[in-house]
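Undergrad: Coordinates for the following, if possible.
(one chain, ligands or ions: 1)
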Amino acid sequence: MASDYYFLIPISVAIIITIVSVIIRKRTLASSKAAGGERTPPGPWKLPIIGNLHQLAIGSSLPHRRLAELAQQYGPLMQLQLGEIPTVIVSSAEWAKEFMQAHDLNFASRPFIPAANIIFYGGRDIGFSPHGPYWTKMRRTKLLRPIMEQEMAKLVGLINTKPTINLTEMMLSFGNSITCRAAFGKIQKQEEVFLPFIKQFMKMLGGFSLVDLFPSSNLLRLLVANAAERKLKKVHSAADAIMETIINDRLAKRSSTVAAGGNDDEDLLGVLLNLKDTDDLGFTEIKAVILDMFLAGSDTWTITVEWAMSELMKHPRVMEKAQREVRKVFNGKGVVDEASIDRLQYLQLVLKETLRLHPPGPLAIPRESKETIVVNGYKIPAKTRVFVNLWAINRDPHHWAQPEVFEPERFLNSSVDFRGTDFHYLPFGAGRRMCPGMHYGLALAYLSLANLIYHFDWKLPHQMKPEDLDMRERFGIEVKRQNNLIRA
Ligand code: HEM
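TA: Numbers count the residues shown, from 1 in each chain. Prediction:
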């Protein structure tokens, strides 16, 4: 008897699917028509409470890749609700130009991120301070170009002593030691205790944290936020104590340097202490900017060098060409120094292409709209969080032929540059909040890369073929290689 009704099952399923699709479509359309007739950007249908978080969690993709997939479905300006946070994702050069140039002023602020708030003394740094007079004053602070060449020589010496090297680990510790020199000058003992704190801050700032996405949830606050906050504050106060000691030591030495007619401006701390007297800078601000230097200014360029080396090992033709160039330019000298680095034209193409495919900050640093604004007919309410997907823009097939292929020659005879004016190529962002450490980061990356390929021939371990090299990424505040790069 029951079998008589089996034919009804597919019909019922079809009817249910049709009804659900109509409801979803209606809700999607409704959400793209805001009150007052302006449209809101399109986006996927959201669930109560979590909004679109489940769509980000689908698959094993990292956020910048998953957001790029969603943008292919919903368009280069897409609206998502991430927990309680209304969010807009920008994924094309044309829209990036709207947000980072035409309406840059409205999107020049940073959202409130609880971990960043603790780490940077309530936004007293450059990267997370809201847009306003304080940020303007801090942006004027010149981030230093340290004495790099001695450090490079140390790196070369270290590689020379080892038959097999882990380039990932080596670049990490090299980057940290350069940053310590740039920030504090010659320090020895504090360096070792300070750096592990920085690593912990990195972990706490990385990714999309639940506490950040549900700021009003008392339950979440009780279950996770309070414990996480306590841990972060403990780590922060230990890092703070070390910085205090370093500053006090410097102040003691500084008076004798200045009394002897010297200038204390060889490192970032010296420069900031000079500004303290003229620009009304407090110790809190000095410590916040030093933390910026460690958090934004160390891993970024070392990760870039690592990706460049990975691509060179994967593409022996490019490695050979780059190596031939650097050996020709520096052969008479025996050392790679900064003076002739501009002559390495092919290496510049290699670095440009590396940053196109592997921008270390693929979603930049989030921005926030100051006021409600209509951009090209789409209404963006005040306090909307904005992510510009630099990773997706840098490989948009509308602007790049064969975008997934590593081809440094694509930049030959092209005027496309890092400056943030070519909106289809934005490894350093654009507009007011564009990276202030660009020149310093690029100089270090060129010099390291040139040294690595000038002094050494590189080979993958265990007879690995170039095409088998694992190029997977790991997400954090910066995107690194998932597995370490080892050289035989
Ligand atoms: C290869 C190296 C680097 C890359 C690719 C890079 C990339 C970026 C990106 C994409 C942003 C966000 C820009 C935006 O929101 O539009 C940024 C911001 C920032 N970067 Fe870099 N960066 C690098 C090196 C450095 C270095 C060496 C320093 C410091 C010495 C530094 C300090 C900063 C700071 C302070 C900000 C925040 C600026 C603000 O909010 O006003 N960066 N960087």
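
Undergrad: which parts of the stretch 151-300 of the chain sit against the ligand?
TA: Residues of the stretch 151-300 of the chain lying close to the ligand (Cβ under 6 Å from any ligand atom) are Asp292, Met293, Ala296, Gly297, Thr300. In short, each C-beta sits where N, CA and C put it, glycine included.

Undergrad: Does the third one touch Gly441 like I think?
TA: No - because the distance of 9.1 Å does not satisfy Cβ atoms under 8 Å, Ala296 is recorded as not touching Gly441.

Undergrad: Give me the common contacts of these two.
TA: Residues within reach of Ala296 and of Gly441 at once, by Cβ atoms under 8 Å, 6 or more residues apart in numbering, are Cys435.

Undergrad: And the strands in the stretch 351-488 of the chain?
TA: With DSSP state E, counting those that start in this stretch applied, the stretch 351-488 of the chain shows strands at 367-368, 373-375, 378-380, 385-388, 473-474, 480-481, 486-487, listed in chain order.

Undergrad: in stretch 256-273, what's buried?
TA: By neighbour count with 16 or more other Cβ atoms under 10 Å, stretch 256-273 contains the buried residues Asp264, Glu266, Asp267, Leu268, Leu269, Gly270, Val271, Leu272, Leu273.

Undergrad: Now go through those and say which are in helices.
TA: Using DSSP state H, the subset of the buried residues of stretch 256-273 located in helices is Leu268, Leu269, Gly270, Val271, Leu272, Leu273.

Undergrad: Dump those residues to TSV, plus pLDDT and distance to Gly332.
TA: Formatted as TSV, those follow (pLDDT from 0 to 100; distance: Cβ to Cβ, whole Å):
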residue	pLDDT	distance to Gly332
Leu268	85	34
Leu269	88	38
Gly270	86	36
Val271	83	35
Leu272	87	40
Leu273	87	41
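
Undergrad: between those residues, which is nearest Ala322?
TA: The shortest approach to Ala322 among these belongs to Leu268, at 31.6 Å (Cβ to Cβ).

Undergrad: Show the contacting residues for Asn52.
TA: By Cβ under 8 Å, 6+ apart, the contact list for Asn52 reads Gly43, Pro44, Lys46, Leu80, Gln81, Leu82.

Undergrad: same question but for Met171, I mixed them up
TA: Thr302, Ile303, Val305, Glu306, Ser448.

Undergrad: now, which of these lie within helices?
TA: Judged by DSSP H, the subset of the contacts of Met171 located in helices is Thr302, Ile303, Val305, Glu306, Ser448.

Undergrad: pretty sure the second one contacts Pro360?
TA: Yes - at 4.5 Å, Ile303 counts as touching Pro360 under the criterion of Cβ under 8 Å.

Undergrad: ok, back up a step: greatest separation within the contacts of Met171: which pair is it?
TA: Farthest apart among the contacts of Met171 by Cβ to Cβ are Ile303 and Ser448. That separation is 11.5 Å.

Undergrad: so Ser340 touches Val329, yeah?
TA: Yes - between Ser340 and Val329 there is a contact under Cβ under 8 Å: 5.8 Å.

Undergrad: Going by how many neighbours each has, rank those two and give me the top one.
TA: Neighbours per residue (other Cβ atoms under 10 Å) separate Ser340 from Val329, with Val329 holding more: 19 against 14.

Undergrad: That one and the ligand: what is the separation?
TA: Distance of Val329 to the ligand, given as Cβ to the nearest ligand atom, to the nearest Å: 22 Å.
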